[in-house]
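**Student:** Next one to model:
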Amino acid sequence: MENFDLVYVVDDDPLYIFSMKKVLGLTDFCQESKFFKNGLEALDDLIPRLTQNGQLPDVIFLDISMPLMNGWQFLDALKDYPVHHNMKIFIVSSSIDPYDTGKSASYDIVTDYIYKPITIEKMKELKVKLLS
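**Tutor:** Residues are numbered from 1 along each chain as shown. The predicted model follows:
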């Protein structure tokens with residue numbers, strides 16, 4: 001596998017979304033990417049995939065602060081569903097608050113915490129790490 005099949009980006013910041021589209025494309029990170037403005041939109045897409053054996057994202061980049069459903073609420077809701085896929089979930093935030101980094105570590109389904117912005121260099125390093 002040279003790249004991932006499907007990646008979700010869950011964030012309400014249009015500038016971040018714009019930059020992630022560029023970074024994902026320039027690093028050939030994935031075949032397909034889906035973008036959601038909040039956790040609720042992402043869950044609405046993900047839950048049918050989980051319950052009906054659909055294609056699941058290989059990687060989810062999840063912001064913490066969003067309207068309607070924030071990142072923590074998304075993770076809490078996801079706990080109710082068996083995830084039998086090797087999905088990697090990364091909290092991506094500009095927050096350097098130790099509470100947030102500590103809380104992210106309390107979720108078994110969270111792979112790591114990444115500080116914004118995600119640069120081309122960071123994405124290339126992450127891709128190599130995940131695919132090796």
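**Student:** which secondary structure elements does the helix or strand harbouring residue 22 contact?
**Tutor:** Per DSSP states H and E: residue 22 is located in helix 14-26. Contact here means 3 or more Cβ pairs under 8 Å, 6 or more residues apart in numbering; DSSP states H and E; on that basis helix 14-26 packs against strand 4-10, strand 30-36, helix 120-131. All C-beta atoms are positioned from the backbone trio N, CA, C, and that covers glycine.
**Student:** need the ones you listed in JSON lines with distance to residue 86 and mean pLDDT, can you?
**Tutor:** Formatted as JSON lines, the helices and strands packed on helix 14-26 follow (distance: least, Cβ to Cβ, whole Å; pLDDT from 0 to 100):
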{"stretch": "strand 4-10", "distance to residue 86": "11", "mean pLDDT": "97"}
{"stretch": "strand 30-36", "distance to residue 86": "15", "mean pLDDT": "98"}
{"stretch": "helix 120-131", "distance to residue 86": "10", "mean pLDDT": "96"}
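**Student:** Residue 61 contacts residue 11, correct?
**Tutor:** Yes - when contacts are counted by Cβ atoms under 8 Å, residue 61 is listed as touching residue 11 (7.3 Å).
**Student:** So, low pLDDT: which residues of the chain?
**Tutor:** Along the chain, segments meeting pLDDT under 70 span 1, 84.
**Student:** Next one: the residue of the chain positioned farthest from its centre from residue 17, what distance?
**Tutor:** Each residue of the chain has a distance to the centre, and by Cα atoms, centre = their mean the biggest one is for residue 52: 20.8 Å. Distance of residue 52 to residue 17, given as Cβ to Cβ, to the nearest Å: 27 Å.
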